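Peer 1: Mind looking at a prediction? Sequence and model below.
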Amino acid sequence: MSSTHHKRRVRKAVFPVAGLGTRFLPATKVMPKEMLPINDRPLIQHVFEEAREAGIEDFIFVTGRHKELLEEHFDYQPELEDTLKARGKTDMLEKVQDSEMPAGRLFLTRQPRPLGLGHAVWCARELIGDEPFAILLPDDLVNYKQGCLSQMIDAYNVHGGNIVAVKDVPRPETNKYGILNIGQDDGHIVSVKGLVEKPKPEDAPSTLSIIGRYVLQPEVFDHLAVFETGAGGEIQLTDAMAKLIGQQPFHGLRFKGDHHDCGGRLGFIKANLAYGMADKEIGAAVRQAILEAAETIKAGGRDVAAE
């Protein structure tokens, strides 16, 4: 394939939102975990805004059961808007309108059973067609003035092919992540020679871990489709991506910004502290509250809940 094929504009993004959110039960019994708020907006809106900023036009949600709230959140809310208008709350009205999806740009497809990330992406194949696309996992947030996906699109416009967002993790933790086997590394862009899913620390080819941001060529579907007939376990996106290496350019981007894994309670709380501190209205008060909590801990304040 010619290199021009691999620099076609990235217009579509897939958001895999079929997960059950078991780590947040009972909060996620009825509410999708993607609707849990980080500061003033749900996880899904943070990644929607990041994708929109990167020039994405079509937003594809791969959903499961009980995810209607996700659609509702991005819909036009006339009663709410009328009430805010009537009360003169223009700043709130702007926030609400900013969270709406442009008409005809939200596409929904179902992942009937949770067979892994690769399968979720495969479920979107008809909506993607034969063009490059982005994947954003709402569990992962990157806090920076230029969104992570926008940084990746800039890199894609130079290198084409496939790009994953990567960061260094402590070596003892490589068995939790997809890890890169790398060629050249200029501290910003790395060329990818191989991908290993959850290697033992002693076997890991590097400590560069993929986080939930991808720009991929449509050929990845050819490899995902093979797994679709496979039995049993999860269908891994990493395995399908690995087959593109050597066929097409494949790079990792060391993105700028702070990465928060909001998929577990601790990361979720840390993200709320970080985004709370960055909030123009309440940031100073949040910092003050953190300092007060730290003083209590230092003074040997007992953990009431643990008693």
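Peer 2: Received, thanks. Everything numeric in this text was worked out from a predicted model, so none of it was measured.

Peer 1: Can you give me the distance of Leu84 to Lys280?
Peer 2: Taking Cβ to Cβ, to the nearest Å as the criterion, Leu84 is separated from Lys280 by 20 Å. Using the backbone N, CA and C atoms, a C-beta is placed for each residue, glycine as well.

Peer 1: The two: who's more crowded?
Peer 2: The neighbour count for Leu84 versus Lys280, taken as other Cβ atoms under 10 Å, is higher for Leu84 (19 against 6).

Peer 1: Three-state assignment for the nearest residue to that one once chain neighbours are set aside, please.
Peer 2: Nearest residue to Leu84, sequence neighbours excluded (Cβ to Cβ, 6 or more residues apart in numbering): Leu93, at 4.3 Å. Under DSSP: H, G, I helix; E, B strand; the rest coil, Leu93 falls in the helix class.

Peer 1: give me the number of residues near Leu93?
Peer 2: Neighbours around Leu93, by other Cβ under 10 Å: 17.

Peer 1: State the phi and psi torsions of the nearest residue to Leu244 once chain neighbours are set aside.
Peer 2: Nearest non-adjacent residue to Leu244, counting by Cβ to Cβ, 6+ apart: Asn162, 5.7 Å away. Torsion angles at Asn162 (phi, psi; degrees, to the nearest 10) stand at phi -120, psi 140.

Peer 1: Report the backbone C-alpha coordinates of the helix or strand harbouring His73 in CSV.
Peer 2: Following DSSP states H and E, one finds His73 within helix 68-74. Provided in CSV are the C-alpha atoms of helix 68-74 (Å, rounded to 0.1, in the frame of the first residue of the first chain):
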residue,chain,number,x,y,z
GLU,A,68,-29.0,4.4,27.8
LEU,A,69,-27.8,7.1,30.1
LEU,A,70,-24.8,7.6,27.8
GLU,A,71,-27.0,8.5,24.9
GLU,A,72,-29.2,10.7,27.0
HIS,A,73,-26.2,12.6,28.3
PHE,A,74,-25.2,13.8,24.8
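
Peer 1: mind listing what's buried in it?
Peer 2: If you call a residue buried by 16 or more other Cβ atoms under 10 Å, then helix 68-74 has these buried ones: Leu70, His73, Phe74.

Peer 1: tell me which strands and helices it is in contact with?
Peer 2: The helices and strands touching helix 68-74, judged by 3 or more Cβ pairs under 8 Å, 6 or more residues apart in numbering; DSSP states H and E, are helix 43-53, strand 58-63, strand 106-110.

Peer 1: Tell me the helix or strand right after that helix.
Peer 2: helix 78-86.

Peer 1: now that next one: mean pLDDT?
Peer 2: For helix 78-86, mean pLDDT is 91.

Peer 1: Helix or strand with the lowest mean pLDDT in this structure?
Peer 2: Lowest by mean pLDDT, DSSP states H and E among the helices and strands of the chain is helix 220-228, with a mean of 81.

Peer 1: Go ahead and name everything in contact with stretch 188-202.
Peer 2: 155, 159, 164, 166, 171-185, 203-205, 208, 210, 236, 238-239, 241-242, 245, 250-254 (Cβ atoms under 8 Å, 6 or more residues apart in numbering).
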